[in-house]
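[1] Predicted structure and sequence below. I'll ask about it afterward.
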Amino acid sequence: MDLELKQFLEAMEGRLGGRIDAVESKLDKRLDGLGAKIDAVESGLGARIDAVESGLGARIDAVESGLGARIDAVESGLGARIDAVESNLTAEIRAAELRGREYTDAAELRGRDYINNIEASLRDHIDSVAAAGRQHTEEVETRLLGEFWKWARTADARYRQHHGTVLTVDRRLELIEDRLSDLERRKAS
């Protein structure tokens, strides 16, 4: 936006400068032509100039005052035009700034909405993944506990089955140890 406005202002300055230069050029040409006429009249008609000096002086003064009035009118017209262009440019700049702010605010709101939607979507996705993970974990735990329970039942049955045999072997081992201890004591005494 700023670049377009800057280009627009530069173009307006260029056009105004061109118009002012054209007016100045016309005035310079008129003044140069007037000066040339005066010089020609002075060089070729010196005697007449002296005789008619008072009349020409009045005419020259009239021309100068007329040119001065015209120059003043052109300057005031240009001043008014420049003021009008400046006023229009100021209004355009303010309107462009306002549009820029509105666009920026709207874009910011759209961005916030988009981010909020993405956050909500991510939260939903994370919640669903967490729920699926919990459910999967519970299913795996249930299966594992079921398998351990099956193993524990068979291990318990095997333990009970061999428990009697192990107790008998333990008792016999104790008896053997007791006999050995008695024999060792007798030998030592």
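    Good, I have the coordinates.
[2] for this protein, which helix is longest?
    Taking DSSP state H as the criterion, the chain has its longest helix at helix 46-188.
[3] and that one, what other elements does it pack with?
    helix 2-44 (3 or more Cβ pairs under 8 Å, 6 or more residues apart in numbering; DSSP states H and E). All C-beta spots, glycine's among them, are computed from the backbone N, C-alpha and C.
[4] Run the chain-centre distance for the helix it packs on.
    Using Cα atoms, centre = their mean, to the nearest Å, the mean C-alpha position of helix 2-44 is found 46 Å from that of the whole chain.
[5] just checking, what packs against that helix?
    Using 3+ Cβ pairs under 8 Å, 6+ apart, the elements in contact with helix 2-44 are helix 46-188.
[6] Could you check how far stretch 69-77 is from the centre of its chain?
    Its chain's C-alpha centre and that of stretch 69-77 lie 49 Å apart, by Cα atoms, centre = their mean.
[7] Please identify the buried residues of it?
    The neighbour-count check on stretch 69-77 (16 or more other Cβ atoms under 10 Å) flags V74 as buried.
[8] neighbouring contacts of it?
    23, 27 (Cβ atoms under 8 Å, 6 or more residues apart in numbering).
[9] Output that stretch as PDB, nothing but the C-alphas.
    C-alpha atoms of stretch 69-77 as PDB (Å, rounded to 0.1, in the frame of the first residue of the first chain):
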ATOM      1  CA  ALA A  69      -1.800  40.200 -11.700                       C
ATOM      2  CA  ARG A  70      -1.800  37.300 -14.100                       C
ATOM      3  CA  ILE A  71       1.200  35.700 -12.300                       C
ATOM      4  CA  ASP A  72      -0.500  36.300  -8.900                       C
ATOM      5  CA  ALA A  73      -3.700  34.700 -10.300                       C
ATOM      6  CA  VAL A  74      -1.800  31.700 -11.700                       C
ATOM      7  CA  GLU A  75       0.100  31.400  -8.400                       C
ATOM      8  CA  SER A  76      -3.100  31.500  -6.400                       C
ATOM      9  CA  GLY A  77      -4.800  29.100  -8.800                       C
END
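[10] That concludes my questions; thank you for your assistance.
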